[in-house]
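Trainee: have a look at this fold, sequence not included:
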């Protein structure tokens, strides 16, 4: 499974350098999987007429669940994240299934610096904020699919003609006085995590727009509340309800951070135009928010459900999340 995830990420990333005939292939990643190039012809045609497409990229997180062994497998690169919430005894347990690959992370920052020991600009702190670090003053993430300007010499040459903030030394080129070619600044090597014997609980898989607004522990508490609140509602979409809670956090943050948004409401936020044409547009107020939630809950007794309610309420009392779950809603056993 680990190789399958790596294969999908690396081959997708390998399509991008073929978009222009002159573009050299990206360096072979450190992985057991052999690079296979099978680019999508429509993408190549598009990128060939719009070279800026080469500078696009994405982080990724994927999951696979083996129901027969109750094993959850997760592979990620970048700052998308997966986290498990488990009802374990009298506790609501948060289990991280991925690490954020960002320049703010000491381990990731050290990895990039070790790969570029003579380049003091390979990772730069952009402000006094401890979390405000960027690779080459451009990327907050350190692993991705795409972003060829950070990985390939020809793409970086083209990128440098578009922007004042250059990628120098260019990856794949020997810098002056160096004996080796400059390594990619951003890599496409994923990390893989497994959790076996999954108990009652759930898996949250979300992009960075979720984690900009809350940490993993709060996400688990909110998701647990939504699952219990909607135990008898077969039509409830927990992921949609979860996104609604994330947007509520966006509203509060905007009210507190921007004077001109102090009267912002959730309804107003949803009506804002997409994109970044104006500061008031949604993409200027919050990042994209995408989430998938997998729910693992076996049939249980009323006593078990009461225990879960107590667990969620206890967790909520220790946070800013206000939870009110009525036992009347949970009279019937939960089902898969």
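Mentor: Now that the structure is in, tell me what you want to look at. Because the structure is predicted, anything quoted here is derived from the model rather than measured.

Trainee: please count neighbours and contacts with C-alpha atoms only from this point.
Mentor: Will do.

Trainee: could you pull up the mean pLDDT of the helix or strand hosting residue 194?
Mentor: Applying DSSP states H and E as the criterion places residue 194 in strand 191-195. Regarding strand 191-195, the rounded mean pLDDT is 96.

Trainee: that one pairs with which strands, parallel or anti?
Mentor: Its sheet considered, strand 191-195 pairs with strand 71-77 (antiparallel) by DSSP bridges.

Trainee: and the next helix or strand past the strand it pairs with?
Mentor: Using DSSP H and E, the helix or strand that follows strand 71-77 towards the C-terminus is strand 81-88.

Trainee: helix or strand right after that following strand?
Mentor: Later in the chain than strand 81-88, the nearest helix or strand by DSSP H and E is strand 91-96.

Trainee: tell me the mean pLDDT over that next one?
Mentor: Rounded to a whole number, the mean pLDDT of strand 91-96 is 92.

Trainee: what lines up beside that strand in the sheet?
Mentor: strand 81-88 (antiparallel).

Trainee: can you pull the buried residues of the partner strand?
Mentor: For strand 81-88, a neighbour-count test (16 or more other C-alpha atoms under 10 Å) marks 81-87 as buried.

Trainee: point to the helix or strand of the protein where mean pLDDT is at its lowest.
Mentor: Using mean pLDDT, DSSP states H and E, the weakest-scoring helix or strand in the chain turns out to be helix 41-49, at a mean of 57.

Trainee: next structured bit after it?
Mentor: Next along the chain after helix 41-49, taking DSSP H and E as the criterion, comes strand 57-58.

Trainee: given that next one, what are its sheet partners and their directions?
Mentor: Paired neighbours of strand 57-58 in the sheet (DSSP bridges): strand 145-146 (antiparallel).

Trainee: where does pLDDT dip in the chain?
Mentor: Applying pLDDT under 70 to the chain flags the ranges 14-51, 297-307, 314-336.

Trainee: select the longest helix from it.
Mentor: helix 238-257 (DSSP state H).

Trainee: now for that one, which elements pack on it?
Mentor: helix 216-229, helix 266-271, strand 291-296 (3 or more C-alpha pairs under 8 Å, 6 or more residues apart in numbering; DSSP states H and E).

Trainee: tell me how many other residues crowd residue 72.
Mentor: Using other C-alpha atoms under 10 Å, residue 72 has 19 other residues around it.

Trainee: distance check, it against residue 142.
Mentor: Per C-alpha to C-alpha, to the nearest Å, residue 72 is found 25 Å from residue 142.

Trainee: contact partners for the closest residue to residue 285 other than its chain neighbours?
Mentor: Counting by C-alpha to C-alpha, 6 or more residues apart in numbering, residue 254 is the residue found nearest to residue 285 once chain neighbours are left out, at 7.2 Å. By C-alpha atoms under 8 Å, 6 or more residues apart in numbering, the contact set of residue 254 is 261-262, 264, 285.

Trainee: do the same with residue 197
Mentor: Neighbouring residues of residue 197 by C-alpha under 8 Å, 6+ apart: 69-71.

Trainee: and the nearest residue to residue 293 once chain neighbours are set aside, what element?
Mentor: Leaving aside its sequence neighbours, residue 293 sits nearest to residue 204 (C-alpha to C-alpha, 6+ apart; 4.7 Å). Assigned by DSSP H and E, residue 204 belongs to strand 201-206.

Trainee: who touches the next helix or strand after that strand?
Mentor: Proceeding N to C from strand 201-206, the next assigned helix or strand is helix 208-211, under DSSP H and E. For helix 208-211, the surrounding residues in contact (C-alpha under 8 Å, 6+ apart) are 79-81, 246, 286-291.

Trainee: and if you look at stretch 71-80?
Mentor: 1-2, 5-6, 58-66, 82, 97-102, 141-144, 188-198, 205-208.

Trainee: mind giving me the PyMOL select for those, buried ones only?
Mentor: Selecting just the buried residues from the contacts of stretch 71-80 in PyMOL takes one command, with 16+ other C-alpha under 10 Å as the test:
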select buried, resi 2+5+6+59+60+61+62+63+65+82+97+98+99+100+101+102+141+142+143+144+188+189+190+191+192+193+194+198+205+206+207+208
